[in-house]
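[1] Turn this into a model:
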Amino acid sequence: PKFLITIHSALISFQGRDSTSTKDKTMKKLILMLCCLAAAFAAPFAFSQEAAADAAAAPAAEAPAAEAPAAPAPTINTGDNAWMLTSTALVLMMTGPGLALFYGGLVRNKNVLSTMMHSLFIMGLMSVLWVVYGYSMAFGDFAPAADGSVKWYSYFMGDPCKYFMLKDVGAAINSDYAPTIPHQTFMLFQLMFAIITPALISGAFAERMKFSAFVVFIILWATVVYFPMAHMVWGKGGLFNWFFAAKIPVLDFAGGTVVHVSSGVSALVCAIVLGKRVGYPGTPMLPHNVVLSLIGAALLWVGWFGFNAGSALGCGDLATAAFASTHFATAAAALSWAGAEWLLKGKPSVLGVASGMVAGLVAITPAAGFVTVPSALIIGAAAGLICYLAVSKLKHALGYDDSLDAFGVHGIGGTLGALLTGVFATAAVNPAIEG
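    Residues are numbered from 1 along each chain as shown. Predicted coordinates for the structure are as follows:
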């Protein structure tokens, strides 16, 4: 440092004086000691000052880059969680009492209790299966191998052991699926879809399946069809999950494929395998209580807002868009079905309006979070007309006995909605689909 060089020069100059007196020698020693003490106390300050000066003179480009701030940890949004819990209750209401009343009013008097029993029993059965292994099969992804590769079966089903008995499913957030609500809330919401889907199938075999056979069928169907289908479309690593860049991406916002296509096609298979009811089609099999069905249909419309808008997994603008498209598609479908009846039969029926409502709800389900309101009107109007023709014309032409038209409404409506989602989906509603 410069100050040490100055002290060193002064000492050399002083020592260069020709003096041999005792007084001069003593003064030399005293000055040398004072210089050493000054150097000892001043050195830290001098070094810090020179370091600061050097740093100030250094080019800005040589300064070390500041570390990027760490991403904030996901936190629970109480508003999102409140909406999701409300949506969960709304979707459960769709099965009991909604679907139970809707189906119960459509069957003959002697079968009303057994038909309603299907929906109520499924609420309990599917809940237990979901806890044991169902949720894990649907949303528990397999860990990749050491080299990063994944097994082929991970595209079709989740790891049944990852969340076995809901292990590690609690208040913590699972950011893979819902970054603002507890993992347990997400699990409960998805459970309600697992409950209503097999209950929809019961409309195809109503009035002609033994209860013991019904229980075995639901367990097998949930394990072989629903849980793998939910994983393929919604689960991380699933074959069709567009959000995780799947091999075959499929846009399904709230269950057009997972719920309606799967249940509708399964309903058709059940109807064909079981055969026709005794007396069908010669014997009239009229609904015993249309009022019950109307109450059930109204509850389905209300509950469907939780079904579709809840699938936004939050209470932001996407939930609002899904809510709006759901409502207007349903209104258009009810008018479309009633209009088709009016033209072909001479007058509309109240049961036709209710059936049109359900058809619109089904068709808009895969598209709810991807389309605008005008597009939703088109989807709803198309669903009302196409599903009416499937129920009134196609069923009789092919000769199958779909008791409560589960295939005609859910299978046809769900397929139509899935196809039209690809036509009308826009990033203006859901930017996540861009690219």
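[2] where do the helices sit along the stretch 201-350 of the chain?
    211-221, 227-234, 262-274, 290-309, 317-345, 350-364 (DSSP state H, counting those that start in this stretch).
[3] what's I364 in contact with, if anything?
    Counting by Cβ atoms under 8 Å, 6 or more residues apart in numbering, I364 touches N308, S325, T326, A329, T330, V371, A376, I379, G380, A383, G417. In this view, the C-beta of every residue, glycine as well, is placed from N, C-alpha and C.
[4] now do A138
    A138 neighbours (Cβ under 8 Å, 6+ apart): G158, Q190, A194, Y226, F227, A230, H231, W234, G235.
[5] Could you list the single helix or strand in the chain with the lowest mean pLDDT?
    Every helix and strand in the chain was compared by mean pLDDT, DSSP states H and E; the lowest is helix 22-57, with a mean of 44.
[6] ok, back up a step: most neighbours of all the contacts of I364, which one?
    Per-residue neighbour counts (other Cβ atoms under 10 Å) across the contacts of I364 peak at A329, which has 34 neighbours.
[7] now that one: how far from L90?
    17 Å (Cβ to Cβ, to the nearest Å).
[8] can you count the residues close to A332?
    23.
[9] just to revisit the earlier point, can you tell me which of the contacts of I364 is closest to L101?
    T330 (17.7 Å; Cβ to Cβ).
[10] Quick check: pLDDT value at the closest residue to that closest one other than its chain neighbours.
    Nearest residue to T330, sequence neighbours excluded (Cβ to Cβ, 6 or more residues apart in numbering): G360, at 4.0 Å. Reading off the confidence values, G360 has pLDDT 98.
[11] Quick one: residues contacting G360.
    Contacts of G360 by Cβ under 8 Å, 6+ apart are A329, T330, A331, A332, A333, A334, S336, I379, G380, A383, G384, G413.
[12] Buried residues of stretch 172-183, list them for me.
    For stretch 172-183, burial by neighbour count (16 or more other Cβ atoms under 10 Å) applies to I173, N174, Y177, A178, T180, I181, P182, H183.
[13] Leaving out sequence neighbours, find the closest residue to the fifth one.
    Put plainly, it is T180. Of all residues beyond its chain neighbours, the one nearest T180 is N77 (3.9 Å), with distances taken as Cβ to Cβ, 6+ apart.
[14] Ok, the third one next?
    Nearest residue to Y177 in three dimensions, chain neighbours excluded: F186, at 5.5 Å (Cβ to Cβ, 6+ apart).
[15] so the one you found sits in a helix?
    Yes: F186: assigned to a helix according to DSSP: H, G, I helix; E, B strand; the rest coil.
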